[in-house]
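Undergrad: sharing a model that was predicted from the sequence below.
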Amino acid sequence: MTRRTVFAERARIPTGVSILEVLARAKELEAGGREIIHLEIGEPDFDTPANITRAAVRALDEGYTHYGPSAGLPEVREAIAKHVTQTRGVDTAAEQVVVTTGAKAAIFFSILALVDPGDEVIYPNPGFPSYEATIKMVGAVPVPMPLVEERDFSIDLDRFASLITAKTKLCILNSPQNPTGGVLPRDVLEGIADLAERHDFYVLTDEIYSRIIYDGTFASYYALPNAGERTVLIDGFSKTYAMTGWRLGYGVMPRSFAPMVAKLFSNASSSTCTFVQRAGIEALTGPQDSVDNMIGEFRARRDLLVDGLNRLPGFVCRIPAGAFYVFPNITGTGMTSMALQEFLLEEAGVAVVAGPSFGEYGEGYIRLSYANSRTNIQTALDGMAAALDKR
Ligand SMILES: Cc1ncc(COP(=O)(O)O)c(C=O)c1O
């Protein structure tokens, strides 16, 4: 009798391997007494603003300790709908909102609700690793859409059009982007919306970094006049309000989609934690000065880091317009992304992530997050310069 394999195929899908490797090795080095500067981590280093934390404590005192409706508490869906109406300029109703345990869950359950095995899904590459993993987990076919460095990591519409087939069911967009910090311009979004209409596919637009934008204005795919009935907007609280550990995000979708996504989500999670949802209302409607301060600080760090990286031998770094990542081209060092990741960790004590962790088109790049203090960023730059000089 042949022995069964223990794990299902989907459990063996590799994701974000290099991120885990770099974290594990950094921990080993730290345990041995080395000081490591962490520029690999994708979360704000700020604390959640106190008014939001207090709102959660109040909600606990008020008894928000029970299951809630699977699509979210009505008043929270209402607050999110209002926020989306204001920020995207599109009338949005509470019935279109599904509140989830982080944006990741909104992405996962939206894909689960829309995509059948064998369907093709176009997704950005390099991109947030969960996209490709989720597409594979549902048995669909991932179709990578390369981002173009010379266009500040935007999309070539002709290339995009060439990826569309009769099996294309969904396209995933992310702007501002992880890992490049690139922001998709409005004319590109309009081109994709035309193609979506013409070829009858859906678009999931992940706009979780929409508030973290430095140059120009943010163009939302959801806000396009013809995005309408075939679009799912993803957003959340993790990045804007430094609430990564709270697990609060949402999807906004056509009214007919929301009950389907909520049904799938409820079987995995029943509902999103109710006192956390209540804190979300405070985040959206309370004072926004801590968000503005955080973005001001991120901008200063971005400028420091980009300037320093462009002085390193073999590095060419574009100025990202959003998010809190830079994605320098490192081909001039003569090293692969993975070799450079290892070199910088071992020789400079700086943890970064090799570009291919975000997809095959990430080769030739590394990702650095500037969710770290300016002092640490400067120390990291000095360490990298010294290590590269000695090579
Ligand atoms: C592009 C992108 N989408 C979604 C997420 C997940 O956010 P959340 O913490 O709300 O699940 C991340 C987190 O790194 C991200 O970079």
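TA: Good, I have the coordinates.

Undergrad: what's the closest non-adjacent residue to Pro176?
TA: Spatial nearest neighbour of Pro176, excluding adjacent residues (Cβ to Cβ, 6 or more residues apart in numbering): Gly322 at 2.7 Å. In this view, the C-beta of every residue, glycine as well, is placed from N, C-alpha and C.

Undergrad: got phi/psi on the one you found?
TA: Torsion angles at Gly322 (phi, psi; degrees, to the nearest 10) stand at phi -160, psi -180.

Undergrad: so it makes contact with Gly216?
TA: No: in this structure, Gly322 is not within contact of Gly216 by Cβ atoms under 8 Å, at 9.1 Å.

Undergrad: looking at the two, which is more packed in?
TA: Neighbour comparison, Gly322 and Gly216: the larger count goes to Gly322, with 26 against 11 (by other Cβ atoms under 10 Å).

Undergrad: residue contacts, the more buried one?
TA: Counting by Cβ atoms under 8 Å, 6 or more residues apart in numbering, Gly322 makes contact with Ser175, Pro176, Gln177, Gly181, Gly182, Val183, Tyr209, Ile212, Ile213, Tyr214, Phe218.

Undergrad: run a quick neighbour tally on the third one.
TA: The burial count assigned to Gln177 is 28, neighbours taken as other Cβ under 10 Å.

Undergrad: report the buried residues of stretch 255-264.
TA: Phe257, Ala258, Met260, Val261, Ala262, Leu264 (16 or more other Cβ atoms under 10 Å).

Undergrad: that one - what's its average pLDDT?
TA: Mean per-residue pLDDT for stretch 255-264: 97.

Undergrad: quick one: the residue nearest to Pro176 from Ile41, how far?
TA: 18 Å (Cβ to Cβ, to the nearest Å).

Undergrad: swap in Ala279?
TA: For Ala279, the distance to Ile41 equals 23 Å [Cβ to Cβ].

Undergrad: the bottom helix or strand of this structure by mean pLDDT?
TA: When each helix and strand of the chain is scored by mean pLDDT, DSSP states H and E, helix 17-31 comes last, with a mean of 87.

Undergrad: wondering if that helix reaches the ligand at all.
TA: No: Helix 17-31 stays clear of the ligand (Cβ under 6 Å from any ligand atom), getting no nearer than 10.4 Å.

Undergrad: and the next helix or strand past that helix?
TA: As assigned by DSSP states H and E, the chain's next helix or strand after helix 17-31 is strand 37-38.

Undergrad: report all helices and strands that that next one contacts.
TA: Applying 3 or more Cβ pairs under 8 Å, 6 or more residues apart in numbering; DSSP states H and E, one finds that strand 37-38 makes contact with strand 350-351, helix 374-390.

Undergrad: just the buried residues of the longest one, please?
TA: What that stands for is helix 374-390. For helix 374-390, burial by neighbour count (16+ other Cβ under 10 Å) applies to Asn376, Ile377, Thr379, Ala380, Leu381, Gly383, Met384, Ala385, Ala387, Leu388.

Undergrad: ok, now stretch 132-147?
TA: For stretch 132-147, using 16+ other Cβ under 10 Å, the buried residues are 132-138, 140-147.

Undergrad: Ala279 and Ile41: which is more packed in?
TA: Neighbours were counted for Ala279 and for Ile41 using other Cβ under 10 Å; Ala279 has more, 28 against 17.
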